[in-house]
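1. pasting the structure only:
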């Protein structure tokens, strides 16, 4: 596999056209490997991502069978919509196939209520099964793993330091006194701003070496070593300690006790959190105080709210394009152009989704940037936080903003009338069925297919290639979970909401899920390499989002049956959200603790197994060195004097 470096593809000496022609062999190669192979190549996070697609496919296969073979004929048999032009069905926005065509007060609406009940029960059963399966996979993955530094290490921050001492001595004294039997070693974190000073000094050395053409290679090497020694002196003097340290223990169980125990009578001091994997550490916020991290979270919340409000502008533009009558009122001079059939079809069908998709491109990187300023200590936490933000941003700005502003730009006024929201949803959600079907095609089919070709990264690599010293070096990308998980979950929300309102959306979703399954498997095996391993911690996000989607479906059903003047069905709908929330609470108590910490049973079992490993003493001697800031690791020098294009200063490999 490319990400694992199992096989290297030799670059062809001549260009051949057949290398650009598509083949179907990749489908077989992506389909054939087992889940265990995916686990070994890309980690448990990749397995969880594929389980999201599998779970969604199971759910919407069941919902699709009910929607297409039961609900769709019921909807078509109604005559609530009197003026339906069956010759030009596109002008009716598919209303004839939706619940809007069922007569008010019709007993056929009980079939829709039964479908909502059945799908709710099926989804809860499948959610429970998947949560249980992934929880067991998380435990098995931990028990089968080799000793890792982060399993024996915690991060301690807000360390109190006396005037006649330093951070290192304070940590040493505290843990030798309070964790005598389990304490092993520690590494004090240093301020990041000084590190960047060192990095800039090294860059100046490189520029001086490669810009000088009059000196010999030997003289260049000699000068670089002298300059490098000055850099080391400067770096050693600039190591300013931060009141934080990575503290390592002799066992996983000892680290877990220190992690979950309150270390001080003052909760703001000696704060502990689980250390991430060494390659997953995000260094900038280690110099932050308790107050600064708290303020940073508030600033991020305000920034997210501001970005959400600003994004309403392209949403209103999209809704103006989908409602030509409003557009004609605002721009009377364009009435003659807007009445043309070709123009109206392009504007109302394709252009709104194109504008929305172009606007949404900036959301995942913006949310990841905001999350990085929130005080997290590892990249995996940043990406999970960004995943949360992208999900709720998409639900609000793509679903609610489009639905509730479907007939007028009065979204805020609608939200102020809280009691009328179910009725408003019952009116506006079915009316937006054709828009969201087009959204699934443009955002689902198109974007997922483009993932296979990766045109934009390819163009970017071509642009950056002339500026790289070694054009043969390939940086294997990591999978953007914060971008793709919210997309699948949002399609799930659309499927749950519309399966009984506008059943025709389900076939489009199933096609998207089939494409996503085979394409993402190919990408995991042959394109992406894991940057970190969170142990499947993305699944609780999936569970919570699915529960929200189910409750929203039930909320809309309540409004629909009230609008359709079927009061008894409205009453019978009330127990559904209660049952769903109770089920969610049970799952949180039963499975969520497994994703927050490992049990004593698992930790002690793993520690006993590792006691007999011959390499364990050597591992414990070097466990703390894994958490040295890469920018503070000493530099070594190349002895290659033959090629001036090769750098004379290269960083030492990580321990």
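-> All right, it came through fine. These numbers were taken from a predicted model, which means no experiment stands behind them.

2. quick one: the strands in the stretch 151-300 of the chain?
-> Secondary structure of the stretch 151-300 of the chain by DSSP state E, counting those that start in this stretch: the strands cover 153-157, 183-190, 241-249, 271-274.

3. neighbours of the closest residue to residue 514 other than its chain neighbours, how many?
-> Nearest non-adjacent residue to residue 514, counting by C-beta to C-beta, 6 or more residues apart in numbering: residue 57, 7.3 Å away. C-betas here are computed from N, CA, C, even on glycine. Residues lying near residue 57 (other C-beta atoms under 10 Å) number 18.

4. ok, the one 3 residues further on next?
-> Here the number of neighbours of residue 60 (other C-beta under 10 Å) works out to 24.

5. sec struct for it, please.
-> Three-state assignment for residue 60 (DSSP: H, G, I helix; E, B strand; the rest coil): helix.

6. quick one, what contacts it?
-> Neighbouring residues of residue 60 by C-beta atoms under 8 Å, 6 or more residues apart in numbering: 495, 499, 506, 509-510, 513.

7. one more: residue 399?
-> 490, 493-494, 497.

8. can you tell me the centre-most residue of the chain?
-> Of all residues in the chain, the one closest to the mean position by C-alpha atoms, centre = their mean is residue 482, 1.9 Å from it.

9. can you tell me which of the contacts of residue 60 are in helices?
-> 495, 506, 509-510, 513 (DSSP state H).

10. quick check: the farthest pair among those residues?
-> Greatest spacing in the ones in helices among the contacts of residue 60, by C-beta to C-beta: 506 and 513 (10.4 Å).

11. can you tell me the closest non-neighbouring residue to the residue nearest to the centre of the chain?
-> Distances taken as C-beta to C-beta, 6+ apart place residue 386 nearest to residue 482, at 3.9 Å, with adjacent residues excluded.

12. now the helix or strand containing the one you found, how far from the chain's geometric center?
-> If you go by DSSP states H and E, residue 386 is part of helix 379-394. Mean C-alpha position of helix 379-394 versus that of the full chain (C-alpha atoms, centre = their mean, to the nearest Å) differs by 5 Å.

13. okay, buried residues for that helix please.
-> Within helix 379-394, the residues scored as buried using 16 or more other C-beta atoms under 10 Å are 379-391, 393-394.

14. again, but for stretch 167-186
-> 167, 170-172, 174-175, 179, 182-186.

15. could you pull up the mean pLDDT of whichever helix in the chain runs longest?
-> Criterion DSSP H: the longest helix present in the chain is helix 109-143. Mean per-residue pLDDT for helix 109-143: 95.

16. now it, how far from the centre of its chain.
-> What separates the centre of helix 109-143 from the centre of its chain is 21 Å, taken as C-alpha atoms, centre = their mean.

17. now do whatever helix or strand residue 64 lives in against helix 109-143, angle only.
-> Element membership of residue 64, judged by DSSP H and E, is helix 44-66. Angle, helix 44-66 to helix 109-143, by axes from the mean of the first three to the mean of the last three C-alpha atoms, to 10 degrees: 160 degrees.

18. after helix 44-66, next one along is what?
-> Once the chain leaves helix 44-66, the next helix or strand it forms, by DSSP H and E, is helix 72-77.

19. rounded mean pLDDT for that next one, please.
-> pLDDT averaged over helix 72-77 gives 86.

20. mind listing what's buried along it?
-> If you call a residue buried by 16+ other C-beta under 10 Å, then helix 72-77 has these buried ones: 72, 74-75.

21. centre of the chain to it, how far?
-> 39 Å.

22. SS state for the closest residue to residue 476 other than its chain neighbours?
-> In space, and not counting its chain neighbours, residue 476 is closest to residue 529: 4.1 Å by C-beta to C-beta, 6+ apart. For residue 529, the assignment made with three-state DSSP gives coil.

23. hey, which helix or strand in this structure has the poorest pLDDT?
-> Ranked by mean pLDDT, DSSP states H and E, the weakest helix or strand in the chain is strand 649-651, scoring a mean of 37.

24. pLDDT score for residue 62?
-> 95.

25. burial count for the nearest residue to it once chain neighbours are set aside?
-> Of all residues not flanking residue 62 in the chain, residue 122 sits nearest, at 5.2 Å (C-beta to C-beta, 6+ apart). When neighbours are defined as other C-beta under 10 Å, residue 122 has 15 of them.

26. show the contacting residues for residue 122.
-> Per C-beta under 8 Å, 6+ apart, neighbours of residue 122: 59, 62-63.

27. from these, pick the one nearest residue 464.
-> Proximity of these to residue 464 (C-beta to C-beta) peaks at residue 59, which lies at 41.6 Å.

28. that closest one touches residue 126, doesn't it?
-> Yes. Shown here, residue 59 and residue 126 form a contact pair, counting by C-beta atoms under 8 Å, at 6.0 Å.

29. of these two, which one has the most company?
-> For residue 59 and residue 126, the more surrounded residue by other C-beta under 10 Å is residue 59, and the numbers stand at 22 against 17.

30. so the more buried one versus residue 264, what's the distance?
-> Separation of residue 59 from residue 264 (C-beta to C-beta, to the nearest Å): 47 Å.

31. likewise for residue 625?
-> 27 Å.

32. same deal with residue 381?
-> From residue 381 to residue 264 the distance is 24 Å (C-beta to C-beta).

33. again with residue 39
-> 40 Å.

34. compare the two (neighbour count), which wins?
-> Comparing residue 39 with residue 264 by other C-beta under 10 Å, the one with more neighbours is residue 39, at 17 against 14.

35. going by secondary structure, the more buried one is in what exactly?
-> helix 35-42.

36. could you check the angle helix 109-143 makes with that helix?
-> Going by the same axes, to 10 degrees, helix 35-42 makes 60 degrees with helix 109-143.

37. can you name the residues in contact with helix 35-42?
-> 1, 3-4, 33, 46-47, 50, 137, 141, 479, 521, 524-525, 528-530.

38. give the contact list for the residue nearest to the centre of the chain.
-> Counting by C-beta under 8 Å, 6+ apart, residue 482 has contacts 364, 367-368, 383-384, 386-387, 390.

39. what separates it from residue 131, distance-wise?
-> 21 Å.

40. low-confidence ranges, the stretch 151-300 of the chain, go.
-> Applying pLDDT under 70 to the stretch 151-300 of the chain picks out residues 191-239, 285-290.

41. about what we covered before: from the buried residues of stretch 167-186, pick the one nearest residue 304.
-> For the buried residues of stretch 167-186, the residue nearest residue 304 by C-beta to C-beta is residue 167; the value is 33.9 Å.

42. what about the helices in the stretch 151-300 of the chain?
-> Taking DSSP state H, counting those that start in this stretch, the helices of the stretch 151-300 of the chain run over residues 167-178, 192-211, 217-237, 252-260, 290-310.

43. now the last one against strand 153-157, angle please.
-> Relative orientation of helix 290-310 with respect to strand 153-157: 90 degrees, computed using the same axes, to 10 degrees.

44. got it, and the fourth one?
-> Between the axis of helix 252-260 and that of strand 153-157 there is an angle of 20 degrees, by the same axes, to 10 degrees.

45. what of the first one?
-> Calculated by the same axes, to 10 degrees, helix 167-178 forms an angle of 120 degrees with strand 153-157.

46. outside of helix 167-178 itself, list whatever touches it.
-> Here helix 167-178 has contacts from 156, 159-162, 183, 186, 188, 241-245, 247, 258, 263, 270, using C-beta under 8 Å, 6+ apart.

47. strand 241-249 and that helix, what's the angle between them?
-> 30 degrees.
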